[in-house]
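**Q** Here is a sequence together with a model predicted from it:
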Amino acid sequence: MTMLQNSADAYPDRAKRNWGGISGLTGALCCLIVAIFAFYSPIEQSRKPMEPRFTILTLGVDNLERSYNFYHHGLGFQSQGIIGKEFEHGEVAFFDLRHGTKLALWARENLAWDSKVKKGQPSATEFSIGYNTRGRAEVDEIMALAQKAGARITKPAEETFYGGYAGYFQDPDGHLWEIAYNPKLIPAD
């Protein structure tokens, strides 16, 4: 006979209890194990999940001045200019977007230094920045504005498979922008 069987014989009333569908001492042991893991778990049970948002989109750039001119003078994004020049690795340009979000431009080598990630080769297909418009004509206007500012049009605006209208361009550092009209995703004013 095992110890568990001896215990069940010694305490027959406890052995008949039902612990969450598991009867007897087996159920009690399962509950004890769960309690121990819950107590010693490194994850706080009361911690809130991360909110589904971001506040700053930082683009690593090769030439901060050139990129600042593209976004500020070319596309018309409002900014207080390049700041942080007094700090080593500190030069950055911020642009105010809607809903408290900001676009930041920071030299690739400074971003690599700060994040402790080796500076790699840029790739335009890692992500794209989406800009939804309120109509088809606005797509064409923004694509023309970007091209005039020095963007490289990678895909002229055309009809999409989802019933919209969209095109792509790359900024001077190769970051990919999609300018799209999607009748199901019209931005609020």
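**A** Alright, I've got the coordinates.
**Q** biggest strand in the chain by residues?
**A** When the chain is parsed with DSSP state E, its longest strand is strand 152-159.
**Q** Give the next helix or strand downstream of that one.
**A** Using DSSP states H and E, the helix or strand that follows strand 152-159 towards the C-terminus is strand 165-170.
**Q** Contacts only, for the most centrally placed residue in the chain.
**A** Nearest residue to the geometric centre of the chain (CA atoms, centre = their mean): residue 54, 6.4 Å. With contacts defined as CB atoms under 8 Å, 6 or more residues apart in numbering, residue 54 is in contact with residue 101. (Glycine included, C-beta is placed from N, CA and C.)
**Q** List of residues touching the longest strand of the chain?
**A** 124, 136, 139-140, 143, 146-147, 165-170, 176, 179.
**Q** Tell me the buried residues within those residues.
**A** 136, 139-140, 143, 146, 165-170, 176, 179 (16 or more other CB atoms under 10 Å).
**Q** Looks to me like residue 113 is in a helix.
**A** Yes. According to DSSP: H, G, I helix; E, B strand; the rest coil, residue 113 belongs to a helix.
**Q** Contacts only, for it.
**A** By CB under 8 Å, 6+ apart, the neighbours of residue 113 are residue 89.
**Q** so residue 168 touches residue 131, yeah?
**A** No. At 10.6 Å, residue 168 does not count as touching residue 131 under the criterion of CB atoms under 8 Å.
**Q** Next, show the common contact partners of these two.
**A** With CB under 8 Å, 6+ apart, residue 168 and residue 131 have common neighbours 177-179.
**Q** Those residues in helices, which ones?
**A** Using DSSP state H, no member of the shared contacts of residue 168 and residue 131 sits in helices.
**Q** just those now: which is nearest residue 91?
**A** Set against residue 91, the nearest of these by CB to CB is residue 177 (23.1 Å).
**Q** ok, the closest one - contacts?
**A** Per CB under 8 Å, 6+ apart, neighbours of residue 177: 128-131, 146, 151, 168-171.
**Q** Please tell me how far residue 185 sits from residue 75.
**A** Counting by CB to CB, to the nearest Å, the gap from residue 185 to residue 75 is 21 Å.
**Q** No further queries at this time; thank you.
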